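S.K.: After the sequence you'll find the predicted model.
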Amino acid sequence: MTTEIVRTKDLHKIYDQNGPKPYEALKGITFSVQQGEFVGIMGASGSGKTTLLNIMATLDQPTSGSVEIDGKDVTNLTANQMSDFRSEKLGFIFQDFNLLETLTAQENIALPLSLQNKKPGETKQAVEAATKKLGIDDLLSKYPTQLSGGQKQRVAAARALVANPSIIFGDEPTGALDSTNARELLDTLTNINQQGVSILLVTHDPFSASFCKRILFIKDGKIGDEIDADGKSRNEFYQQILEKLGTFEQ
Amino acid sequence: MLFKISLSGVKSRWKDYLVLFSGMMITTAIFYMFEAISTNDKFTTSSPVGQNAKFVFIFGSILLAIITLVYVFYANNFLMSMRKHDYGLFMMLGAKSKVISKLIILETLVIGLASTFVGIILGVGFTKGLSGLLSSQIHVSLTNFSAFYMPAVWATLILFLVLFVIAGLVNARTFTKTSALNLLRSNQESDWKDPKKRTLFVQAVGGLVLLAIGYYAMYDINHLQLLAIGIGLITIVLGTYFVFNSFFVMILEAVQRSNTSYKGLNNFTISQLKFRIRDYTKILSVVSLLFALALGAITVGIGFQRMVPMMAAGNNAYAVGLTNPSPKMKSLVGDIDGKAQVTYQQKVDPGSKSVYYRASQFEAQPFKYAHFTNQAQLKSKIDNASLTQLKDRASTAYAGLNNLQAPLTRNLRIRLVSDTTFNRINAKANTLLLVRVNDMDAAATTLSKITNLQTRQYGKKVSEGLGVGGAYETYQLLKGVFGSLEFMGIFLGIAFLAMLASCLMFKILSGAASDKARFEMLNKIGARKSVLNRSIAVQILGLFILPAVLGIIDVAFGLQMFIKANLLHGAYQTFGWSVLGFSILYLIYYGITVMIYSKIVVPKTKVEK
Ligand SMILES: Nc1ncnc2c1ncn2[C@@H]1O[C@H](COP(=O)(O)OP(=O)(O)O)[C@@H](O)[C@H]1O
Ligand SMILES: [Mg+2]
């Protein structure tokens, strides 16, 4: 028996609803993500991926429809409730690491816990736990400039993990990376996922998507199709994605 | 095509341009105002200090030009930080660097010239208001003064034109030398490394010691003489630099190590401030020193002015002496609040070169005379003069009475005689009315009217160098001298403060664009908007307040120099008020900076409930 971490129901988003040129970016999106899944959302540029992710991540509000995360409806929260919800329940993976250069790795990782005003002792323990998982406990006192790309990657991942989020979101996290760094990030995410953390990635890049276990295809604000890795090797899954894209884009 | 894109870029950030534009306008207006007043012969020659004031004003002009240069540099940097992205895009689109250069120079010049023109017009208005204020408040006479003064217009135009041409050329050069990609991704990552603990410690201690030496040197000016100023200048400049570069950083690190840094964004805020302080050490030091200079100028300027009544008080116990006052003069005297008056009868006999008084009158109503008990501290006392004193030509009391008589009788001998002798003298009896006032400043306007009437009554002789006498004459004379000093002090002080605060503001705002990504990330990981705003407010407060505090301490010690050299008394009271006024002005700049910074950096929440 698995539990649902994310459930969206008939999401609609209309930009500039009362403006001169209203634009419907999402046209009724319904899907769910189970505990421990690694889900990808693919679509061409402009298909509504970022819009969808922002709504799920409480960074934006839908025009209609609902989003439940960990059983809680997040579409009607106040701004402060949204911020608190993000710090307690969500993790983020950013395009270019986005570590603060003036803080050490340890301090960067501790940031989400400080935002929750956790006790120093508790924070230290949580940071240790997260860094052990990623094998970076020896980097803690270093500043970002003293780290390699891959190391920064893992520090950023540890920051996303440290508050024990219900799910980690990433919007084109490999978009600005060279292939080595991209590969390293995807491996890190796979590693995290294997330890039981749910992940939802948004991407238009088939290579990144091939690391996911299930992929939803979005086109013109609607979910068009869905494929499952079903125990296939990553390479096989990659081929399947390419094929799917070929037919889907028509 | 490019021009259109360029224009749309300006449009989308018109509010930021508005800040820039108004800053430039005010700078131009300040400069014009200063030039109009200082280069205007009508002002400088009609004021009693004449050539001296001219020299001080020229010095002030140079200082003002220097800080204007620094100001334009920072404002220009801010302008370019807003345009980087657009110009990067043009280059990507394949625009030739020649075209871009032209565009940049054009843009800089258009903004510069427009703000200069508007600024000059504003300056004429300001000058008009200020000259009115000057003549009424600090009794600097500005007869025939016109706010529009062509030489000042030229000086302002030329200075700013030159500055903007230079700024435009520099901009064009830096832009065409940077690659398009770098311009587009201009949110440079700062490569922060924690400074070495030992260097930090050595610099911090060194900085404090240097400051201490500087402060001591100023305190010990009587002993060190001119050397005090030399030592003070060098040690305080260096000390300030090190204190910013290390001492403040060390303190912040100590705060960071405490448990408070685990709360909310405290750690981020402190570390960011630490980084900024080190990154901005130079400008913070300059701001601090200019702040001290400005505050010092105001304090000393006002301080001198405040001493005038004290100096006048020790000079004569009576404000004016009136010989045969007309009814009009008498009624004016009646209008003064808080006064005492006494009348003596007088007979002038040019034949025996004497002025006769009734001794009995001086016994019944003793003549009061003022004398300094401590010349250095300007402490004076008023005593009743005995008849013996009034008969002694060398006494202070005799000189005091002599000075209060009509100018033409001052070289005659004062003689106190019995009533019978007095009655026998064959001359017209005059009345000498002496007026004492409690508050010279309050009575100044009325006294000035009285003096004018008396001068007219005395006739020509008075205007040939001899005044009507009394403490008010001294008061008026000193006011003229110190009035222009005070004006200089207040004007330069406020102008400097306004400009240094805007320099700091533009420097900080120039960094906002590169901070955007950080704040977006913090928003995503769940920092509340209020927490982000607080972090910004604290960071910027640190950058504003530290130089100010150091500047205030500089002045607090620097004043000792004036006090020890017996140039200034009661300075600390003036100092207190100046600090208050300064802080208010400075806080306004702080508030504006925080507002704009937050607007650039804090992501808009989609929900505004
Ligand atoms: N704030 C906005 N206002 C108006 N339209 C927007 C806004 N954000 C996105 N859109 C439009 O919505 C559509 C979907 O955008 P987005 O979700 O960013 O797509 P994707 O991330 O898949 O590239 C696009 O056509 C885009 O132009
Ligand atoms: Mg997108």
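M.R.: Perfect, thanks for sending it. Ligands and ions are numbered 1, 2, ... in the order given.
S.K.: Could you find the closest non-adjacent residue to residue 222?
M.R.: Assuming you mean chain A. residue A:27 (5.1 Å; C-beta to C-beta, 6 or more residues apart in numbering or on different chains). Just so you know, the C-beta spots here come from the backbone N, C-alpha and C atoms, and that holds for glycine as well.
S.K.: oops, I was thinking of chain B
M.R.: Per C-beta to C-beta, 6+ apart, closest to residue B:222 is residue B:564, 5.3 Å.
S.K.: Give me the distance between the one you found and ligand 1.
M.R.: 66 Å (C-beta to the nearest ligand atom, to the nearest Å).
S.K.: any low-confidence regions in the chain?
M.R.: Since you didn't name a chain, this refers to chain A. Low-confidence segments of chain A (pLDDT under 70): A:1, A:248-250.
S.K.: my bad, the chain I had in mind was chain B
M.R.: Ranges of chain B meeting pLDDT under 70: B:1-2, B:5-6, B:9, B:40-57, B:59, B:134-145, B:179-192, B:460-466, B:484, B:605-609.
S.K.: domain ranges for it?
M.R.: Residue ranges for the domains of chain B, per automatic domain parsing: B:1-186, B:320-469.
S.K.: returning to that earlier point: let me see the contact set for the residue nearest to residue B:222.
M.R.: B:219-222 (C-beta atoms under 8 Å, 6 or more residues apart in numbering or on different chains).
S.K.: burial of residue 206, as a residue count?
M.R.: Just so you know, I chose chain A. Neighbour count of residue A:206, defined by other C-beta atoms under 10 Å in any protein chain shown: 18.
S.K.: that answer is for a different chain, and I need it for chain B
M.R.: 16.
S.K.: In contact with it, which residues?
M.R.: Contact partners of residue B:206, counting by C-beta under 8 Å, 6+ apart, are B:239, B:242.
S.K.: Buried subset of the contacts of residue B:564, written for PyMOL?
M.R.: Selection of the buried residues among the contacts of residue B:564 in PyMOL, burial being defined by 16 or more other C-beta atoms under 10 Å in any protein chain shown:
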select buried, chain B and resi 219+220+221
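S.K.: which residues touch residue A:113?
M.R.: A:122-123, A:126-127, A:162-163, B:262.
S.K.: Now the buried members of those residues.
M.R.: By neighbour count, with 16+ other C-beta under 10 Å, these hold A:123, A:126-127, A:162-163, B:262 as buried.
S.K.: Of those, just say which sits nearest to residue B:283.
M.R.: Nearest to residue B:283 out of those is residue B:262 (C-beta to C-beta; 31.4 Å).
S.K.: could you measure the closest residue to that closest one other than its chain neighbours against residue A:154, distance?
M.R.: Of all residues not flanking residue B:262 in the chain, residue A:120 sits nearest, at 4.6 Å (C-beta to C-beta, 6+ apart). Distance of residue A:120 to residue A:154, computed by C-beta to C-beta, to the nearest Å: 23 Å.
S.K.: now residue A:115
M.R.: Per C-beta to C-beta, residue A:115 is found 21 Å from residue A:154.
S.K.: Would you mind telling me which of those two has the busier surroundings?
M.R.: Neighbours per residue (other C-beta under 10 Å) separate residue A:115 from residue A:154, with residue A:154 holding more: 27 against 24.
S.K.: which residues of chain A fall in strands?
M.R.: Listed in chain order, the strands of chain A (DSSP state E) span A:4-15, A:23-34, A:38-42, A:64-69, A:72-73, A:90-93, A:167-171, A:198-203, A:214-219, A:222-228.
S.K.: The residue nearest the centre of chain B: what secondary structure?
M.R.: In chain B, the centroid-proximal residue (C-alpha atoms, centre = their mean) is residue B:493; its distance is 2.2 Å. Here residue B:493 is helix, with the state taken from DSSP: H, G, I helix; E, B strand; the rest coil.
S.K.: what's the neighbour count on the nearest residue to residue A:156 once chain neighbours are set aside?
M.R.: Excluding the flanking residues, the one nearest residue A:156 by C-beta to C-beta, 6+ apart is residue A:97, at 4.6 Å. Residue A:97: 25 surrounding residues under other C-beta under 10 Å.
S.K.: Distance check, residue A:97 against residue B:528.
M.R.: 23 Å.
S.K.: next one: residue B:432
M.R.: Residue B:432 is 79 Å from residue B:528, by C-beta to C-beta.
S.K.: Show the contacting residues for the most centrally placed residue in chain A.
M.R.: Centroid-nearest residue in chain A, with C-alpha atoms, centre = their mean: residue A:169, separated by 1.3 Å. By C-beta under 8 Å, 6+ apart, the residues touching residue A:169 are A:53, A:56-57, A:90-93, A:199-202.
S.K.: May I have the beta-bridge partners of it?
M.R.: Beta-bridge partners recorded for residue A:169 (DSSP bridges): residue A:92, residue A:200.
S.K.: gap between it and residue B:517?
M.R.: Computed as C-beta to C-beta, the residue A:169 to residue B:517 distance reads 17 Å.
S.K.: And residue B:487, by the same measure?
M.R.: Applying C-beta to C-beta to residue B:487 and residue B:517 gives a distance of 49 Å.
S.K.: out of these two, which sits in the more crowded spot?
M.R.: It is residue B:487, of residue B:487 and residue B:517, that has more neighbours when counted by other C-beta under 10 Å, with 26 against 16.
S.K.: In which helix or strand does the more buried one reside?
M.R.: Take DSSP states H and E as the rule and residue B:487 turns out to sit in helix B:471-510.
S.K.: for that helix, packing partners?
M.R.: If you count contacts as 3 or more C-beta pairs under 8 Å, 6 or more residues apart in numbering or on different chains; DSSP states H and E, helix B:471-510 packs onto helix B:14-38, helix B:51-92, helix B:281-315, strand B:320-323, helix B:440-458, helix B:529-564, helix B:571-601.
S.K.: the inter-axis angle of the last one versus helix B:51-92?
M.R.: With axes from the mean of the first three to the mean of the last three C-alpha atoms, to 10 degrees applied, the angle from helix B:571-601 to helix B:51-92 works out at 10 degrees.
S.K.: how big is the angle separating helix B:571-601 from helix B:471-510?
M.R.: Orientation of helix B:571-601 against helix B:471-510 (the same axes, to 10 degrees) gives an angle of 20 degrees.
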